[in-house]
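# take this sequence and fold it.
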Amino acid sequence: MATRASEITLTPSAAARVATIAAKQGKPPILRLSVDGGGCSGFQYKFGFADAVANDDSVAETDGVRLVVDSISLDLVRGCAVDYVESLGGAAFKVENPNAASGCGCGTSFAV
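Numbers count the residues shown, from 1 in each chain. This is a model prediction of the structure:
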């Protein structure tokens, strides 16, 4: 069964953006964060919308929006915060990951 995790955090800014996108797409407000091998630093973050919470997911909830992470990816993102930032360079979800030893300029890949 899925557990609520204090190991991951979804900021209010990110929660608001997820809620807006999910409403436009007619989907539940569930953002999935996973980690894949690859990218310029070894691992890369992958975001997508989920239709439901899986049994092995860790869940963080902010303002009725859930961030879910599978048990394998959780080892690499434990303690992270997912934020949504808007700047002159554009707008994007950003992962603040205390486990990352280094990252890349694009902000989508990291090394541990």
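
# let me see the backbone angles for the nearest residue to residue 64 once chain neighbours are set aside.
Leaving out its chain neighbours, the residue that sits closest to residue 64 by Cβ to Cβ, 6 or more residues apart in numbering is residue 29, at 6.5 Å. Yep, even glycine has a C-beta here, placed from its N, CA and C like the rest. Residue 29 adopts backbone torsions of phi -80, psi 70, taken as degrees, to the nearest 10.

# next, find the distance separating residue 29 from residue 57.
According to Cβ to Cβ, to the nearest Å, residue 29 stands 15 Å off from residue 57.

# now residue 7
Relative to residue 57, residue 7 is positioned 12 Å away (Cβ to Cβ).

# follow-up on the earlier one: give the full set of residues in contact with the residue nearest to residue 64.
If you count contacts by Cβ atoms under 8 Å, 6 or more residues apart in numbering, residue 29 has them with 15, 18-19, 22-23, 64-66.

# got a quick ChimeraX command for the buried subset of those residues?
Buried members of those, defined by 16 or more other Cβ atoms under 10 Å, are picked up in ChimeraX with:
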select :15,18,19,22,65,66
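
# in this structure, which spans are strands?
Here the chain has its strands, by DSSP state E, at 3-4, 9-10, 30-38, 42-49, 58-62, 65-69, 81-87, 90-96, 102-103, 109-111.

# quick check, residue 43 in contact with residue 37.
Yes. Using Cβ atoms under 8 Å, residue 43 makes contact with residue 37 at a distance of 6.2 Å.

# the two: which has the busier surroundings?
residue 43 (22 against 8; other Cβ atoms under 10 Å).

# on that earlier part again, can I get the strands of the chain in TSV with mean pLDDT?
Below are these laid out as TSV (pLDDT from 0 to 100):
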stretch	mean pLDDT
strand 3-4	50
strand 9-10	94
strand 30-38	89
strand 42-49	88
strand 58-62	94
strand 65-69	96
strand 81-87	90
strand 90-96	86
strand 102-103	58
strand 109-111	50
